[in-house]
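Novice: just coords:
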């Protein structure tokens, strides 16, 4: 992405269009722009999660994820380009295995909540799922990299596992769904 913003107020979007990374313009209501916005929202929610007190490895993982999400947004903003590769997906798989090995087996569905950090990780997870749905919808209409779709799918799983990990690290319990009981 060669263009860097030198001015935030350009007035070029006053007509309801916005510039893509490849220099073309598209409607601000397009699925591509909605997808970029949802990826950006996810990145912002991860930024909020990073304001919590977190163990260094979790903090490092989230900072790396923020970098990946910026790359993902750049990829979506440049139709036909591939930036996020399989190595990023493999890194998420490795981190999932790492955190999962310390967690007890799930016996019930987990409700979002517990500690503030875990609740924020659950918000990140739900925003990630929404971004993934938009990315899949975009892929149905235009080519989207397979790694991009895989990354969002793995990331939502990792955010769920991180929420569980954050609750355990804080000594809290995980709120469990009780279902409808007679």
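Specialist: Structure received. Keep in mind it's a predicted model, so treat the numbers as computed, not measured.
Novice: for residue 84, give its distance to residue 145.
Specialist: Residue 84 sits 7 Å away from residue 145, going by Cβ to Cβ, to the nearest Å. In this view, the C-beta of every residue, glycine as well, is placed from N, C-alpha and C.
Novice: counting neighbours, go ahead and name the busier of those two.
Specialist: Neighbour totals were compared for residue 84 and residue 145, and residue 84 leads with 23 against 20 (other Cβ atoms under 10 Å).
Novice: remind me which residues of this structure are low pLDDT?
Specialist: When the per-residue scores of the chain are filtered using pLDDT under 70, the ranges that remain are 1-15, 17-18, 26-28, 181-182.
Novice: in it, which spans are strands?
Specialist: For the chain, the strands defined by DSSP state E cover 17-19, 25-27.
Novice: re earlier: shared neighbours of residue 84 and residue 145, which are they?
Specialist: Overlap of the contact sets of residue 84 and residue 145 (by Cβ atoms under 8 Å, 6 or more residues apart in numbering) consists of residue 75.
Novice: longest helix in the chain, by residue count?
Specialist: Counting residues, the longest helix found in the chain (DSSP state H) is helix 116-141.
Novice: mind listing the helices for this protein?
Specialist: Secondary structure of the chain (DSSP H): helices at 31-49, 56-76, 86-100, 116-141, 146-169.
Novice: tell me which of those sits most buried.
Specialist: The highest average neighbour count among those, using mean count of other Cβ atoms under 10 Å, belongs to helix 146-169 at a mean of 22.
Novice: relative to helix 56-76, how tilted is it?
Specialist: 160 degrees (axes from the mean of the first three to the mean of the last three Cα atoms, to 10 degrees).
Novice: what's the angle from helix 146-169 to helix 31-49?
Specialist: 20 degrees.
Novice: any idea how far helix 146-169 is from the chain center?
Specialist: On the basis of Cα atoms, centre = their mean, to the nearest Å, the separation between the geometric centre of helix 146-169 and that of its chain is 8 Å.
Novice: over to stretch 92-100?
Specialist: In terms of Cα atoms, centre = their mean, the centre of stretch 92-100 is found 16 Å from the chain centre.
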